[in-house]
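Asks: Sequence first, predicted coordinates after that:
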Amino acid sequence: MSRITFATVWFGGCSGCHMSLLDLDTWLLDLASMVELVYGPLADRKTFPDGVDLTLVEGAIANLEHLELAREIRRKTRVLVALGDCAVTGNVTALRNLAGDPSGLLQQIYLERGDPPLAVPEAPGIVPRLIERVTPLHAVVPVDHFLPGCPPSAPRIRATLEALLAGAEPPEIGRFG
Amino acid sequence: MAARTLTIDGRLVSARAGESILEAARDAGIHIPTLCYLEGLSEMGACRLCLVEVTGSNRLLPACLTPVSEGMEVHTATERLREHRRAIVELLFAERNHVCAVCVASGNCELQNLAIRVGMTHVRYDYLNPVCAVDISHPQFGIDHNRCVLCARCVRACDEVEGVHTWDIAGRGVNARVITDLGVPWGEAESCTSCGKCLLACPTGAIFRRGTSVAELERDPKRIALIVASRQERW
Amino acid sequence: MDLAELHATAERERARRKAIRVLCCTSSGCQASRSLELFHQLEAAVTATGQDEAVEVASVGCMGFCGQGPMVRVEPADLLFERVRPEQAAEIIAALAGEPCSVERGDPNHPFFARQVHVVRRNGGFIDPERIEEYIAAGGYEALYRVLHDFTPAEVIQEITRSGLRGRGGAGYPTGLKWATVAKSPGERKFVVCNGDEGDPGAFMDRSILESDPHLVLEGMAIAAYAVGAHEGYIFVRGEYPLAIQRLTRAINQARKLGLLGSQIFETAFDFKVEIRVGAGAFVCGEETALIASIEGRRSQPRPRPPYPAEKGLWGFPTLINNVETFANIAPIIEHGADWYASIGTEKSTGTKVFALTGKVRNTGLIEVPMGMTLREIVEDLGGGSPDGTPVKAVQTGGPSGGCIPARLFDTPVDYESLAAAGSIMGSGGMVVMDAHTSMVQIAQFYMAFCMDESCGKCVPCRVGTVQMYRLLSKVVAGAATPADLEQLEQLCRLVRETSLCGLGQSAPNPVLSTLRYFREEYEALLREEAAAGANGTP
Ligand SMILES: Cc1cc2nc3c(=O)[nH]c(=O)nc-3n(C[C@H](O)[C@H](O)[C@H](O)COP(=O)(O)O)c2cc1C
Ligand code: SF4
Ligand code: SF4
Ligand code: SF4
Ligand code: SF4
Ligand code: FES
Ligand code: FES
């Protein structure tokens, strides 16, 4: 039987969820024997491949690149998991919604409060444009499973992965935060 | 006192006449989720989490406010009720800005616990992301409107237990806010005796002790009931 | 005051009247189109033409044809003038002397008038609401006299029960039954409260009654107080109704002076004093428990029932709360008897109902029709159908708590049960006619915006659920919603209806539900396809 193809994605989050995944230490070796890592910050690949069995997404949808990639991933993934509070709720990343529209925010950060004042980064194709409001992953694509926590603890991630790999329902969800 | 026999979720339960369905269920070890209810305070029926089905009534009834009656048949966890409860908790999370990861109450919050209890995996509704004030003008306490669920437990604790009525609610709909005195900053609210009962009563991270940081808030809302009960003994 | 004096007062008033009465509507609707100025011009024209001996100009209440106002009626010739401008006053007065007149004429035999049955509006537009003598001359306060002298409280309740009268505030609760509950509830004090909050957008039935015939309501309240054993009453009127408040205040003072309110009414042992309370304008203040909180001086929020106000109302005492129109029906029932009243309308919905007919019909205004008249008769006969030939599509009844009934169901009789079966409610009497150009989704959005703004914020499902429903409706209107959004909208409708604390929240989804029921295709036409493929199983 061929190994399950597995991807992880890092959107608008602090990478803490990936760190928590790495905290699984030696179990990662067991995981590696069960899955083939085909995409993500921990793999060396530029484009998201077709026919991925399982994808974990960390982080909220905050810019156009996130939005487009999220849609692509959804098309190419069988089971999509929102990993951590940012992906599940928007969390800290979404706090910028309180400051209103993103262009004003960029002005404030780079020009008014910049020391020394810099230019608002404008590099089409390199720096993706911020979208109006940060949203959780499920607000833009359907999500199959949710794994809240900031970050979710390593054992919780493991329990979820084990269940999904065994074709079972993941355990009771945990606490937000 | 006269006894009443009823069934809750198929179990035969006996209760005192005049007791609420909620009290009877708790005595019998049956959990009904609540948020605006706090033992020791008057019931308000506002959060709607404790709604139950009673055979013969086509309306859902708040367990915290509905007295038991003989032969009553109560269902506390039907599919419909579970779905409604989860939706109500989701609506609360969508209403203000609940960022548990950076909240003083994380780990000691009734709303956070409710989310687990009702099986909320995510919030299906739009986050409203309102801009909310944080008032730290009081020397000991602060109020963070980002976390308030408008349960009015602070209002009732202050009014009914401390006898002061510093808190009230102003505004309508999602623009309603708890206020101190006539809308002045808490630090300037002359009626406040700084007794801390509102802090005890608050189920979320809205009212906090100044100086507490993420997940540091400690408080035990059961103390409100203790205060009330011990007074009744003395008088 | 006794019966002989009452009759003498009526006689004096009739004797005072001049041969010709020019009645000028000075209610809010017509005042908005300068009818006060018109009134003064009419008086001046009478004097100028030297007709003071034979002609009097009277300021009267609403005649119902408010869309055509200002209205002037000339008695006894029964001439009707519409859209009268103050500049035309002289022409009307000249016409009394047989001069030709170009002022737009109304037809008193027009179905808009002819098909109406006036019970609560019988004096509207005929008497000066600021003069109690005119009310007495029209037979006023005789019912109260008869009740105090010839009826026991139980007999009054029995009469009201037999009449089949149901509450006109919206829910249609049997009035006699409510009175009996209050009468039976033990309490050292009892209260009678008249609900004149009238918060539905576009509704002005109660305002019109209060402005046009305030004594009719006061008399009904006094009879109710006698029946249930109350000695204190409040009329709660919304602050936006200054004219109603002014006329009521005057009416209360006049009645008190004549001993028709206050202590020892009609020289009996019965005391009843009435006070006015002015509301701050929130829609939810009209909900009875919120209204009680407001009169008590607290924040006007509903509380869960039971206990009902009939058992525990104002300050914990048994309290009778009825709507303005409900009270206005009482004196006529006593006067003509329960059988007469029950013979009007249908078996389960007796009597008449006042509606504010607006929207896409030729004739708009206030109508009082017997229960059981069909929507078609109201829209086509009284309303005169569509003003520009665009087909009429639906009628909205019950305002933000009601629903839209499609044209194919226009044979539905207007009674409590039939409207409910059609997915709407009688409500307080708003009736908005919509034509083919109206978007039903936008109608639902409009009413949801109203409920969202008016939610008091006490309970979670109504406070937050209405906002979420409003957002989803706006998304549909903008063409941005998916089938999943529509599903979520329906889920929220169920949630808010089943879990909200008071009637506002419980009925807030009604406009959505009824438009979904009859005009689902309008929603679906606005949907777009799902953004991405759905989720699909575990590996
Ligand atoms: C949100 C809400 C608003 C209401 N507004 C009014 C109102 O403006 N006038 C009124 O008479 N009843 C109103 N009602 C109904 C009252 O609660 C009450 O049922 C009524 O006044 C009883 O009088 P009735 O039996 O004569 O109808 C409202 C109810 C709700 C839930
Ligand atoms: S109040 Fe409770 S639910 Fe809200 S952010 Fe704080 S911990 Fe989370
Ligand atoms: S500290 Fe005490 S007195 Fe002050 S607001 Fe809180 S409960 Fe009221
Ligand atoms: S401050 Fe706390 S206790 Fe007061 S209403 Fe808000 S959540 Fe409830
Ligand atoms: S249903 Fe709406 S108006 Fe009624 S109590 Fe709840 S929040 Fe207030
Ligand atoms: S706990 Fe009963 S309604 Fe809130
Ligand atoms: S207000 Fe003048 S006719 Fe109605």
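Replies: Nice, thanks for sending it over. Quick caveat, the model's predicted, so the values are computed rather than measured. Ligands and ions are numbered 1, 2, ... in the order given.

Asks: Work out for me the element C:Cys30 sits within.
Replies: Secondary structure assignment for C:Cys30, by DSSP states H and E: helix C:28-31.

Asks: Downstream of that helix, the next helix or strand is which one?
Replies: helix C:35-48.

Asks: now check that following helix, is it near ligand 7?
Replies: No: shown here: helix C:35-48 not in contact with ligand 7 (Cβ under 6 Å from any ligand atom), separated by at least 6.7 Å. For every residue, glycine as well, the C-beta is placed using N, CA and C.

Asks: Give the buried residues for that helix.
Replies: C:Ser35, C:Leu38, C:Phe39, C:Gln41, C:Leu42, C:Glu43, C:Ala45, C:Val46 (16 or more other Cβ atoms under 10 Å in any protein chain shown).

Asks: Same check on stretch C:88-97?
Replies: C:Gln88, C:Ala89, C:Ala90, C:Glu91, C:Ile92, C:Ile93, C:Ala95, C:Leu96.

Asks: Now do the first one against ligand 4, distance only.
Replies: Distance, C:Gln88 to ligand 4, by Cβ to the nearest ligand atom, to the nearest Å: 60 Å.

Asks: Now do the contacts for that residue.
Replies: Contacts were defined as Cβ atoms under 8 Å, 6 or more residues apart in numbering or on different chains; by that measure C:Gln88 touches C:Phe81, C:Val103.

Asks: swap in the second one?
Replies: Under the criterion of Cβ under 8 Å, 6+ apart, the neighbours of C:Ala89 are C:Leu38, C:Gln41, C:Leu42, C:Ala44, C:Ala45.

Asks: Now it. Nearest residue, chain neighbours left out?
Replies: Sequence neighbours aside, C:Gln41 is the residue nearest to C:Ala89 in space, at 3.4 Å (criterion: Cβ to Cβ, 6 or more residues apart in numbering or on different chains).

Asks: cool, and the third one?
Replies: In space, and not counting its chain neighbours, C:Ala90 is closest to C:Ala45: 4.5 Å by Cβ to Cβ, 6+ apart.

Asks: Looks like that neighbour contacts C:Ile93 (just checking).
Replies: Yes: C:Ala45 lies in contact with C:Ile93 (Cβ atoms under 8 Å); the separation is 3.9 Å.

Asks: Surely C:Ala269 is within a strand?
Replies: No: checked against DSSP: H, G, I helix; E, B strand; the rest coil, C:Ala269 lies outside a strand; its state is coil.

Asks: I'd like to know which helix or strand in chain B has the lowest mean pLDDT.
Replies: Ranked by mean pLDDT, DSSP states H and E, the weakest helix or strand in chain B is helix B:222-234, scoring a mean of 87.

Asks: So which bits of that one are buried?
Replies: By neighbour count on 16+ other Cβ under 10 Å, the buried set for helix B:222-234 is B:Ile224, B:Ile227.

Asks: CA-only coordinates of that helix, as CSV, when you get a sec.
Replies: Taking Å, rounded to 0.1, in the frame of the first residue of the first chain, the C-alpha atoms of helix B:222-234 are listed here in CSV:
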residue,chain,number,x,y,z
LYS,B,222,-19.2,30.1,44.2
ARG,B,223,-18.2,32.5,46.8
ILE,B,224,-21.2,34.7,45.9
ALA,B,225,-23.5,31.9,47.0
LEU,B,226,-21.4,31.4,50.2
ILE,B,227,-21.7,35.1,51.0
VAL,B,228,-25.4,35.0,50.5
ALA,B,229,-25.9,31.8,52.4
SER,B,230,-23.8,32.9,55.4
ARG,B,231,-25.8,36.1,55.7
GLN,B,232,-29.0,34.2,55.8
GLU,B,233,-27.7,32.1,58.6
ARG,B,234,-26.7,35.1,60.6
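
Asks: Pull the residues that contact it.
Replies: So helix B:222-234 is contacted by B:Leu38, B:Glu39, B:Gly40, B:Leu41, B:Ala157, B:Val161, B:Lys197, B:Leu200, B:Ala201 (Cβ under 8 Å, 6+ apart).

Asks: where are the low-confidence patches of the stretch 251-400 of chain C?
Replies: For the stretch 251-400 of chain C, no stretch is flagged by pLDDT under 70.

Asks: quick one, strands of it?
Replies: C:273-279, C:319-323, C:352-359, C:365-370, C:392-397 (DSSP state E, counting those that start in this stretch).

Asks: What is the burial count for A:Ala43?
Replies: By other Cβ atoms under 10 Å in any protein chain shown, 12 other residues sit near A:Ala43.

Asks: For it, what is the enclosing helix or strand?
Replies: Counting by DSSP H and E, A:Ala43 is part of no helix or strand.

Asks: got the phi/psi numbers for it?
Replies: Taking degrees, to the nearest 10, you get phi -130, psi 160 for the backbone angles of A:Ala43.

Asks: From chain B, how far out is the residue of chain C found nearest ligand 6?
Replies: Closest to ligand 6 within chain C is C:Cys459: 7.7 Å, counting by Cβ to the nearest ligand atom. Between C:Cys459 and chain B the computed distance is 5 Å (Cβ to the nearest Cβ, to the nearest Å).

Asks: quick one, what contacts that residue?
Replies: With Cβ under 8 Å, 6+ apart, C:Cys459 has these contacts: B:Gly45, B:Ala46, B:Cys47, B:Arg48, C:Thr499, C:Ser500, C:Leu501, C:Cys502, C:Gly505.

Asks: Look at the spatially most central residue of chain A and report its pLDDT.
Replies: The centroid of chain A falls nearest to A:Glu58 when counting by Cα atoms, centre = their mean (2.1 Å). For A:Glu58, the model assigns a pLDDT of 98.

Asks: contacting residues around the residue of the stretch 201-350 of chain C found nearest ligand 1?
Replies: Residue nearest to ligand 1 within the stretch 201-350 of chain C (Cβ to the nearest ligand atom): C:Gly286, separated by 2.3 Å. C:Gly286 makes contact with C:Gly169, C:Asn195, C:Asp197, C:Glu198, C:Gly199, according to Cβ under 8 Å, 6+ apart.
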